[in-house]
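Asker: next come a sequence and a model predicted from it.
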Protein chains: 2
Amino acid sequence: MNQTIPAQNISAHSDQHCCNCNLHSLCMAVSLDMTELSKLDDIVDRSKPLSKGQTLSAQGDKFQSVYAIKTGSVKTYTTSCSGEEQITGFYFPGDLIGLNGIDTGICPDSIKILETTTVCQVQFEQLDMLSVELPKLRRQLLKTMSKEICNEQHMLQLLAKKNADERIATFLIRLSNRFKVRGFSESRFRLSMSRHEIGNYLGLTVETVSRVLTRLQKNGLITVENKEIEILDSKALLKLSNGKED
Amino acid sequence: MNQTIPAQNISAHSDQHCCNCNLHSLCMAVSLDMTELSKLDDIVDRSKPLSKGQTLSAQGDKFQSVYAIKTGSVKTYTTSCSGEEQITGFYFPGDLIGLNGIDTGICPDSIKILETTTVCQVQFEQLDMLSVELPKLRRQLLKTMSKEICNEQHMLQLLAKKNADERIATFLIRLSNRFKVRGFSESRFRLSMSRHEIGNYLGLTVETVSRVLTRLQKNGLITVENKEIEILDSKALLKLSNGKED
DNA sequence: ATTTTTAACTGATCTATGTCAGTTTTTCTA
DNA sequence: TAGAAAAACTGACATAGATCAGTTAAAAAT
């Protein structure tokens, strides 16, 4: 198990189409009209649901496709030469991932499924060709990569400057915002990743993650019940996430 | 001083052209033929030299241009709402910067000159239009952004997992490699940034940067003489940068 | 249902690096 | 060229978070 998904798992057809996908406004399809949408639709392959622990693509694989998350969630991570894993991101419905393989033609990270997940797969070459015809799609691809760079710059700041409490607070607020944009509850959500994975992502040990979550709960900022998080005082949490008195 | 450069400083003409620029192979011009190069040349503005401390563009400015470094070096940094500066990168001749403004249309970071520097400025809209005609240019833009994402993912790993010695070792080796590719000495170079800036970038205090540099020198891995660095044992330095026994 | 395995939590210590405080060196300025 | 200001270095001490060692709780497996 935990093997890369064979191509056959990605079926060429499905009754679902971009034009009636409710992730329209989040995905690369933003602002495309019906004609344009159907052109995009032609090059999208939709998969059967993937289950927890499966690897969608692995570090070192030839870069060929990008993926849009339809339902569920995934993590991306790199494995260093000393074998250590570093989680580089968690992704949710509407997110487009895999574009970081363009530079070398080799996937620089692995994508692993965190919970039952469906994705749309697109051959990058086809997407690039279509982007010549569709300026809005071309712009959207650049925007997606630009946003990814900005997100990572925020993570650099978090890792270089913030203490454990601020990191966790920032993590929870970012999740909350991302869920809100997707139409999910911003105040109550389920963590699809383990404490260990949160710690790995945030540069903390599992123990510290546990302690901070407990502390935030004691201080009345959140409620933690296993994987279920409720944000009780988002204002205080935001203030904490921004750090040191100002 | 330290103000954003007024547009007039960027002169529309110069006797230098992309076709006889020795950064050809590093810059976005990679693999363009003569005809293509001259089209790129038409939309490039070349500046008078900028001097240390000047701000090429500031966080919050409207995003309009990207910049290719021709000579010298710059840093990019974000300023958080609490006023803390986080350096997100150092850039050298051949590097293309500023693409991270595409997403929001606002520059997400500031660019500051570290030493006397010349840059080529290109209006992004013009570059995007030209990229439709020139598939190799289009691909190069995507590659540049993809590479930037990968670089930042390496930084995430460094900040989340490495100790002070490993961070400095990694920093020096990356610089060495980047200088080598540019045809400069890989074993002897001058740091254009201060210890403070190195620490800020690597999530360490100035004191720790000093101590580690001294320690590496004592152990015979490098020679430090003020801003001048010599790498004496690149193998040991590389081993150290990769961290924990393996 | 019961056992096994894995994840999460908690307390007691240790340590790498931050903080503070001062000196030396370098760079800037007049 | 001297004097001021900034950068770099170094030592003494403090501390946030890691590590270690266990307990408890939740999934998985039988």
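Answerer: Yep, that arrived.
Asker: so what are the domain limits for chain A?
Answerer: Here the domain parsing of chain A from automatic domain parsing is A:7-154, A:162-242.
Asker: run the contact check for the shortest one versus DNA strand C.
Answerer: Spelled out, it's domain A:162-242. Yes. Counting by CB under 7 Å from any atom of the strand, contacts between domain A:162-242 and DNA strand C involve A:194-196, A:206-207, A:209-211, A:213-214, A:224, A:226-227. For the C-beta atoms, the positions are set from N, CA and C on the backbone; glycine is no exception.
Asker: pull out the buried residues from those residues.
Answerer: Neighbour-count burial (16 or more other CB atoms under 10 Å in any protein chain shown) is assigned, among these, to A:Arg195, A:Val209, A:Leu213.
Asker: tell me the one of these nearest chain B?
Answerer: The shortest approach to chain B among those belongs to A:Val209, at 13.0 Å (CB to the nearest CB).
Asker: hmm, that closest one is touching A:Ile168, no?
Answerer: Yes. Contact criterion CB atoms under 8 Å: A:Val209 and A:Ile168 qualify, at 6.8 Å.
Asker: give the residues shared as contacts by those two.
Answerer: A:Ile198, A:Leu202 (CB atoms under 8 Å, 6 or more residues apart in numbering or on different chains).
Asker: any idea how far A:Ala58 is from B:Asn151?
Answerer: For A:Ala58, the distance to B:Asn151 (CB to CB, to the nearest Å) stands at 21 Å.
Asker: pretty sure A:Ser47 contacts A:Val119?
Answerer: Yes. Using CB under 8 Å, A:Ser47 makes contact with A:Val119 at a distance of 5.5 Å.
Asker: these two - which one has more neighbours?
Answerer: Counted by other CB atoms under 10 Å in any protein chain shown, A:Ser47 and A:Val119 do not tie: A:Val119 has more neighbours, with 29 against 18.
Asker: list the contacts for the more buried one?
Answerer: A:Val119 neighbours (CB under 8 Å, 6+ apart): A:Arg46, A:Ser47, A:Leu50, A:Leu56, A:Tyr67, A:Ala68, A:Ile69, A:Lys70, A:Val74.
Asker: how about the strands of chain A, start to end?
Answerer: Assigned by DSSP state E, the strands in chain A fall at A:10-11, A:44-47, A:55-57, A:65-71, A:74-79, A:85-91, A:96-97, A:110-113, A:118-123, A:188-190, A:222-225, A:228-231.
Asker: any idea how far the third one is from the chain center?
Answerer: Averaging C-alpha positions (CA atoms, centre = their mean, to the nearest Å) puts strand A:55-57 14 Å from its chain's average.
Asker: next one: stretch A:216-233
Answerer: So, by CA atoms, centre = their mean, the centroid of stretch A:216-233 is 23 Å from its chain's centroid.
Asker: counting neighbours, what do you get for A:Thr104?
Answerer: A:Thr104 is flanked by 13 other residues according to other CB under 10 Å.
Asker: and it, how far from A:Gln153?
Answerer: Using CB to CB, A:Thr104 is found at 21 Å from A:Gln153.
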